[in-house]
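Trainee: The following block contains a protein sequence and its predicted model.
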Amino acid sequence: MRGREALPEVPSVPLGNTGLRVSKLGFGTYDFGVPSLNISAVEGGRILAEAYKLGVNFWDASDDYGSHPHVASALKLVPRREVVISTKTSAKNGEEAEKSLRNSLRELETDYIDIFLLHYVKSDWIDGCRKVLKELCDLKTTGIVKAVGLSTHSVVVVEETSQFEEVDVIMAICCRAEQSLISEFRENIPLEDGSIGQMLQAIKLAHHREKGVIAMKVLGTGISPLVDDYQSSIKSIAELDFVDAMVIGMKSLVEVKKNASVILSG
């Protein structure tokens, strides 16, 4: 039974045809692994557990973030079956991807991962990523992973991979920003190709093909004008009926509450 039942909770939604339900707001854990922020695994775990009480049951990590211990700490505080864990790998072949998956299981101290993604797939590796995904799909039968897919900054990758039966989930850069702003802040809004308008159309197509669609870089990265206007930035993506959920990097419960309040105000 969750505590603080009187507080409003971030709603959960179906993620494509994966059978998973995820909170509309996902917790990106990248900041937990940043050495200069000095967030311990225990503290990160506490923040995640408190976010769970607010309905944020979707936590996103990667094998290179350094945040797996923080997620593992949180999993000691909440029912494992009530949270959805996503992690990623930059592996370029099936053997290395499976090795990363099994290492992530150890670091997360869990016997399964809900969503396993190939990290930052570029447009020159579409065929290669499909080969790896085919091998990862075989692992779904073992129960150690429930859904597989990829993350990308590329319109072309979304368009092409949404046709692959091996892909369950696509996590793509998705924000509401004028192209002039993207050009000015290319490092903070790292769209690989095309325009945001084209990306939204590609994501809409992926959703039509029943892929789980997760928006990332909703606020950009680092110092971004999207952060200054975080309320409209989040709200504009939350209102898209072809985006299932979004992942936003957060490092404190204060940030969780601020971002959750925007979702709830919609």
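Mentor: Thanks, I have the structure now.
Trainee: name the element Leu226 belongs to?
Mentor: helix 225-228 (DSSP states H and E).
Trainee: Can you name the next helix or strand after that helix?
Mentor: Heading C-terminal from helix 225-228 (DSSP H and E), you reach helix 230-238.
Trainee: what about the helices in the stretch 101-250 of the chain?
Mentor: All helices of the stretch 101-250 of the chain, identified by DSSP state H, counting those that start in this stretch, fall at 126-140, 155-161, 179-184, 196-208, 225-228, 230-238.
Trainee: And the helix holding Leu226, how far out from the chain middle?
Mentor: Taking the mean of its C-alpha atoms, helix 225-228 sits 20 Å from the chain's own mean (Cα atoms, centre = their mean, to the nearest Å).
Trainee: which parts of that helix are buried?
Mentor: Pro225, Leu226 (16 or more other Cβ atoms under 10 Å). Quick note: C-beta positions are derived from backbone N, CA and C, even for glycine.
Trainee: burial of Glu95, as a residue count?
Mentor: When counting by other Cβ atoms under 10 Å, one arrives at 11 neighbours for Glu95.
Trainee: what's the helix or strand harbouring it packed up against?
Mentor: Element membership of Glu95, judged by DSSP H and E, is helix 94-108. In this structure, helix 94-108 packs against helix 68-75, strand 84-89, strand 113-118, helix 126-140, with contacts taken as 3 or more Cβ pairs under 8 Å, 6 or more residues apart in numbering; DSSP states H and E.
Trainee: what angle do the longest one and helix 94-108 make?
Mentor: In terms of direction (axes from the mean of the first three to the mean of the last three Cα atoms, to 10 degrees), helix 126-140 departs from helix 94-108 by 50 degrees.
Trainee: what's in contact with helix 126-140?
Mentor: Helix 126-140 is contacted from outside by 91-94, 97-98, 101, 116, 118, 121, 145-150, 156-157, 160-161, 164, 166-167, using Cβ atoms under 8 Å, 6 or more residues apart in numbering.
Trainee: If you drop the residues flanking it in sequence, what lies closest to Tyr65?
Mentor: Excluding its sequence neighbours, the residue lying closest to Tyr65 (Cβ to Cβ, 6 or more residues apart in numbering) is Gly33, at 4.3 Å.
Trainee: cool, Val10 as well?
Mentor: Leaving out its chain neighbours, Val10 is closest to Gly55 (Cβ to Cβ, 6+ apart), at 3.6 Å.
Trainee: Please list all residues in contact with that neighbour.
Mentor: So Gly55 contacts Pro8, Glu9, Val10, Pro11, Ser12, Ser23, Ala260 (Cβ under 8 Å, 6+ apart).
Trainee: at 6 Å what do you get?
Mentor: Applying Cβ atoms under 6 Å, 6 or more residues apart in numbering, we find Gly55 in contact with Glu9, Val10, Ser23.
Trainee: ok, residues contacting stretch 207-224?
Mentor: With contacts defined as Cβ under 6 Å, 6+ apart, stretch 207-224 is touched by 15-18, 162, 168-171, 173-175, 185, 188-189, 203, 206, 226-227, 230, 233, 237, 242-248.
Trainee: List only buried entries from those residues.
Mentor: 15-16, 18, 162, 168-171, 173-175, 185, 188-189, 203, 206, 226, 230, 233, 237, 243-248.
Trainee: Give me the subset of these lying in strands.
Mentor: Those of those mapping onto strands are Val169, Ile170, Met171, Ile173, Ala245, Met246, Val247, Ile248, per DSSP state E.
Trainee: got those residues as TSV, with pLDDT columns?
Mentor: Formatted as TSV, those follow (pLDDT from 0 to 100):
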residue	pLDDT
Val169	98
Ile170	99
Met171	98
Ile173	97
Ala245	98
Met246	98
Val247	98
Ile248	98
